[in-house]
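Novice: Next comes the sequence, and after it the predicted model I'd like to discuss.
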Amino acid sequence: MKSHGLKLAVAATVGLAFTAGAAVADTPKSGGTLNIVVGSKIPSYDGHIESTFGMIHPIRPFYSTLIRVNPDNPSSPVDFVCDLCEGSVPAGAEGGTKFTFKIRKDVKFHDGTPLTAADVKATYDKIVFPPEGVASSRKAYFKAVDSITTPDDYTLVFKLKHPTATFIPAVAMPFNFVYAKKDLDANGYNWHQRNINGTGAFTFVEHVAGSHVSGKKYAGYHHKGRPYLDGYKAISAPKMNVRLQAIRGGRADIEFRGFPPKARDDLVKALGDKITVQESDWNCVLLLTPNHEVKPFDDPRVRRALSLAVNRYEGSKYLSRIAIVKTVGGVVFPAHPLATSIEDLGKTVAGYNTDHAANIKEAKRLLKEAGHPNLSFTLHNRGVDQPYRVVGTWAIDQWKKAGITVKQWVQPTSPFYATLRKKGDFDVSIDFNCQAVVNPIADISKFLPTAGNNYANFADTELESTYDALLKAGDEGSQKALVRKYEKRVLNDLASQAITLWWYKINPHRSYVKGWKIAPSHYLNQALDNIWLDK
Amino acid sequence: MYSYLIRRIFMLLPTLFGAAILVFVLLRLVPGDVCDLKFGGEGGYVDPEQIKMCREMLGLENPMYVQFYEYMKGFLTLDLGVSMWTTKPVTEEIAGRFQISVEIAILATITSIFIALPLGIISAVRRNTWTDYVIRGISISGIAIPSFWLGILILLGLLIFTQKYFGEPWMPPVDYKSLFDDPAYNLSQMVWPALATGFRYSAVATRMTRSAMLEVLREDYVRTARAKGLIEKVIVNRHALKNAMLPVITIIGMEFAFLMGGLVVTEQVFNLNGLGKLLVESVEQADFTMTQALVMLAVAIFVVANFVVDVMYAVLDPRIRYG
């Protein structure tokens, strides 16, 4: 058993090495169709209102964005490059409040219309300043934007109300598809929900509802020499086992969301070096959210005890063998420069000390002091195995070691959200924070008491004011200091929520799929313009 | 006969109305809605304003009686509305999947008839011989094995077998091409789920054929036919089989209706884009309009299939007259 596991690990590592080596040595070949399996369904084609990877994976290749995460270095959370703009991504002028983008002159929409700055402005007007009654899911990311102007046909200027480090990552979000102004003017803001006219690497061929979306190479694509593929087909396959077997059986080449470790091992075992595995930290994290309005979770000692009782380091070691979680970290994505190191977390935040026996002792002391030495409650969880139920069950076992008795209450996704958002009748719930582009200052707004997606039901002015200062902090040094303060307040002083483990992304794919590199999010690097098939 | 048919048609209406009320109420008893999922299912930032706007657009903020009125109005005017998930017309979403479910139902029925009738007849004619025992064993296993599980075994078997003997694992396609566009591709996808469901279906029909045949073979007129010196083949095929067909047709009709309603789990196993898969997705996505339409479609198919089977009785047995 042990030796088998070792073989799989070696095979996966070899696959990883092959990828790295191949990317450097191989010359891309043109041709072929990439078959992708997608585990979710398309609601509409409009990136500005949708938020599911079920839309991004099949539809993103038809569109371009103003800037994007560097497709050749997507694992870096701070490497952004121009897509529809020229040169490098602009640094903020006028104290970080003015961003001027020079728009490429060689871009045409799939219907032949040349792209100008007016198209990009019309797109961002729709996202940032949507008219009454028009939905825009990412409007809140651009609260700092004061105006968008086009001094000439190929220049776009964003003026901000104050400097903020959240702006550039927000512009790089893969949902910000650039639409033609004439389409918006002539057909209205809902036209893109059912129609496609982009400037991406592929043109739309067909969408068979519930089955697949296909695209073919766009000869007029602005990144010359790309795409390498003749086309792609994104096949809808909601069941993970189907996606897994489709790769094994040659019906699909890749799946971009990620598989659990067991699925990776099965594929490697069945196909050996015909499978390459890419792995990465994932910008998603599972949280434990106590309901502060329910006793005894109104007491910070009880909440801190819950966090102390969880052994994250042991969990990382064992859970990473069976679930898509691995990395121990604080509120910021662990690979980002603003993230607090494990050593610093161990010194300042309850539950991150590596001496777990001391943590358990302290948890028991706090519970006794709070008058709940035999605490028992119900953990509310989402009816999804990976990684919710796995992590929930693990947390219950961890709490048991501190004398806490916990029952698990699992609900399907829709009622799960209704409980969190409307009813609020839970003791402690599993919750999650899952983002596209790593944008730590925006991402950690989840922990604000006033955030629309914070379900802990509490208020704290100190946390709000710290975040407000962080939002406007210009330099990295002050940002780091404020993130530390904010993190300590959330995870230690208030213990308003607790972090379990950050997710870990595993993408096994056919070894002949080249050029694609794993990113820390399943939303990123989906333009498909750098992928080629070595068949 | 005609008055009976008209009465039966009118009896369908309260059944459909009752089912419509039931599905409307049950769906709304479950907390949560499609907007919660659309804007929060992925765990990113959630703007409460967007969720509110979504609910208003889909009419979910309206009082329950208004929603029910709209639903019934649409039902009576055959305007089933739009899917709450995709915002495309429900009829458009269903139409594409319906042909897949029909194809699977037909293929599974053909498979079943080809297996069930010969085996059922042989089993009855050779009653209590080893042939009968083997056939009964097969049919009991067909009833005992769920078709989705058999489907999983078929898929894994294909993958392992083809890798072992051809070097590269093979499995049926996971995307759909119409039978008219690419017959070979279509059948290479459809034949396996048809086999998996047809096997279970045939097991039920085999047992029914056997017991019906046994009953008929004991009848006086069969004995008379034998006394007249007719050969066994003629007795079985001409005299016994036709009379034994009534319960078999009932079973085939009801199973066909069941398959038309969608093979909820088997379609997931083979990634078939049929009505069953659509129903599962609609329920998961709290897509009320789509779920209501699919449940009503399944109810309508059952009711109509029942009606057709009743009419077939009269056609096959002239002694049966509905008055």
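Specialist: Okay, I see it.
Novice: Pick out the residue closest to the middle of chain B.
Specialist: B:Leu259 (1.2 Å; Cα atoms, centre = their mean).
Novice: Grab the nearest non-local neighbour of that one.
Specialist: Nearest residue to B:Leu259, sequence neighbours excluded (Cβ to Cβ, 6 or more residues apart in numbering or on different chains): B:Ala105, at 3.8 Å. Heads up, the C-betas are built off the backbone N, CA and C, glycines and all.
Novice: Count the neighbours of the one you found for me.
Specialist: 25 (other Cβ atoms under 10 Å in any protein chain shown).
Novice: before we move on, which element is it in?
Specialist: helix B:90-125 (DSSP states H and E).
Novice: Identify each buried residue in that helix, please.
Specialist: B:90, B:93-94, B:96-98, B:100-101, B:103-105, B:107-109, B:111-113, B:115-117, B:119-125 (16 or more other Cβ atoms under 10 Å in any protein chain shown).
Novice: cool, and stretch A:406-419?
Specialist: Those would be A:Val406, A:Val410, A:Gln411, A:Pro412, A:Thr413, A:Ser414, A:Pro415, A:Phe416, A:Tyr417, A:Ala418, A:Thr419, for stretch A:406-419 by 16+ other Cβ under 10 Å.
Novice: can you check stretch A:455-468 too?
Specialist: In stretch A:455-468, counting by 16+ other Cβ under 10 Å, buried: A:Tyr455, A:Ala456, A:Asn457, A:Phe458, A:Asp460, A:Leu463, A:Thr466, A:Tyr467.
Novice: just stretch A:388-407 next, same as before
Specialist: A:388-392, A:394-396, A:398-399, A:402-404, A:406.
Novice: These in helices, which ones?
Specialist: A:Val390, A:Val391, A:Gly392, A:Trp394, A:Ala395, A:Ile396, A:Gln398, A:Trp399 (DSSP state H).
Novice: Correct me if wrong: the last one contacts A:Lys407.
Specialist: So the one you mean is A:Trp399. No - A:Trp399 is not in contact with A:Lys407 according to Cβ atoms under 8 Å; the separation is 11.0 Å.
Novice: Is any residue of the helix or strand bottoming out on mean pLDDT in chain B near chain A?
Specialist: Ranked by mean pLDDT, DSSP states H and E, the helix or strand of chain B with the weakest confidence is helix B:34-40, at a mean of 81. Yes - under the criterion of Cβ under 8 Å from any Cβ of the partner chain, chain A is reached by helix B:34-40 at B:Val34, B:Asp36, B:Leu37, B:Lys38, B:Phe39, B:Gly40.
Novice: so how far is B:Asn271 from the closest residue to chain A within the stretch 101-250 of chain B?
Specialist: With Cβ to the nearest Cβ, the shortest gap between the stretch 101-250 of chain B and chain A falls at B:Met171, namely 3.0 Å. Using Cβ to Cβ, to the nearest Å, one gets 10 Å for the distance from B:Met171 to B:Asn271.
Novice: anything in contact with each of the two?
Specialist: A:Ala246 (Cβ atoms under 8 Å, 6 or more residues apart in numbering or on different chains).
Novice: Of the two, give the one with the bigger neighbour count.
Specialist: B:Asn271 (29 against 23).
Novice: For the stretch 51-200 of chain B, list the residues in contact with chain A, please.
Specialist: B:53-54, B:85-88, B:92-93, B:96-97, B:155-156, B:158-159, B:163, B:168-176.
Novice: can you rerun that using 6 Å?
Specialist: B:Met53, B:Trp85, B:Thr86, B:Glu93, B:Gly96, B:Leu159, B:Pro169, B:Trp170, B:Met171, B:Val174, B:Asp175, B:Tyr176 (Cβ under 6 Å from any Cβ of the partner chain).
Novice: out of the residues you listed, who has the most neighbours?
Specialist: B:Tyr176 (26 neighbours).
Novice: Report all helices and strands that the host helix or strand of B:Leu259 contacts.
Specialist: Per DSSP H and E: B:Leu259 is located in helix B:241-260. Counting by 3 or more Cβ pairs under 6 Å, 6 or more residues apart in numbering or on different chains; DSSP states H and E, the packing neighbours recorded for helix B:241-260 are helix B:90-125, helix B:183-217, helix B:288-316.
Novice: just how off-centre is the first one within its chain?
Specialist: It stands for helix B:90-125. How far helix B:90-125 lies from its chain's middle: 8 Å, per Cα atoms, centre = their mean, to the nearest Å.
Novice: Repeat that for the shortest one.
Specialist: The chain centroid and the centroid of helix B:288-316 are separated by 10 Å, computed with Cα atoms, centre = their mean.
Novice: repeat for the second one
Specialist: Taking the mean C-alpha point of helix B:183-217 and that of its whole chain, the gap between them comes to 13 Å (Cα atoms, centre = their mean).
Novice: Check stretch B:18-32 too.
Specialist: Distance, centroid of stretch B:18-32 to centroid of chain: 22 Å (Cα atoms, centre = their mean).
Novice: Can you list the neighbours in contact with that stretch?
Specialist: Stretch B:18-32 is contacted from outside by A:414-415, A:417-418, B:68, B:71, B:75, B:286, B:288, B:291-292, B:295, B:299, using Cβ atoms under 6 Å, 6 or more residues apart in numbering or on different chains.
Novice: at 7 Å instead, please
Specialist: A:414-415, A:417-419, A:423, B:64, B:68, B:71-72, B:75, B:286, B:288, B:291-292, B:295-296, B:299 (Cβ atoms under 7 Å, 6 or more residues apart in numbering or on different chains).
Novice: pLDDT on it, on average?
Specialist: Stretch B:18-32 comes out with an average pLDDT of 89.
Novice: got the buried residues for that stretch?
Specialist: Neighbour-count burial for stretch B:18-32 [16+ other Cβ under 10 Å]: B:Ala19, B:Ala20, B:Val23, B:Phe24, B:Leu27, B:Pro31, B:Gly32.
Novice: quick one: the residue lying closest to A:Asn176 once chain neighbours are set aside from A:Ala201, how far?
Specialist: With sequence-adjacent residues excluded and distances taken as Cβ to Cβ, 6+ apart, A:Asn176 is closest to A:Thr65, at 5.0 Å. For A:Thr65, the distance to A:Ala201 equals 12 Å [Cβ to Cβ].
Novice: got it, and B:Val204?
Specialist: Applying Cβ to Cβ to B:Val204 and A:Ala201 gives a distance of 52 Å.
Novice: Looking at the two, which is more packed in?
Specialist: A:Ala201 (26 against 19).
Novice: ok, the more buried one touching A:Ala219?
Specialist: No - counting by Cβ atoms under 7 Å, A:Ala201 stays clear of A:Ala219, with 10.4 Å between them.
Novice: any idea which helix or strand comes after the helix or strand of chain A with the lowest mean pLDDT?
Specialist: Least confident helix or strand of chain A, by mean pLDDT, DSSP H and E, is helix A:2-25 with a mean of 44. Going down the chain from helix A:2-25, the next helix or strand is strand A:33-38, by DSSP H and E.
Novice: Quick check: buried residues in that next one?
Specialist: For strand A:33-38, the neighbour count (16+ other Cβ under 10 Å) marks A:Leu34, A:Asn35, A:Ile36, A:Val37, A:Val38 as buried.
Novice: In JSON lines, list these along with distance to chain B.
Specialist: Listed next are the buried residues of strand A:33-38 as JSON lines, based on distance: Cβ to the nearest Cβ, whole Å:
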{"residue": "A:Leu34", "distance to chain B": "13"}
{"residue": "A:Asn35", "distance to chain B": "8"}
{"residue": "A:Ile36", "distance to chain B": "11"}
{"residue": "A:Val37", "distance to chain B": "7"}
{"residue": "A:Val38", "distance to chain B": "11"}
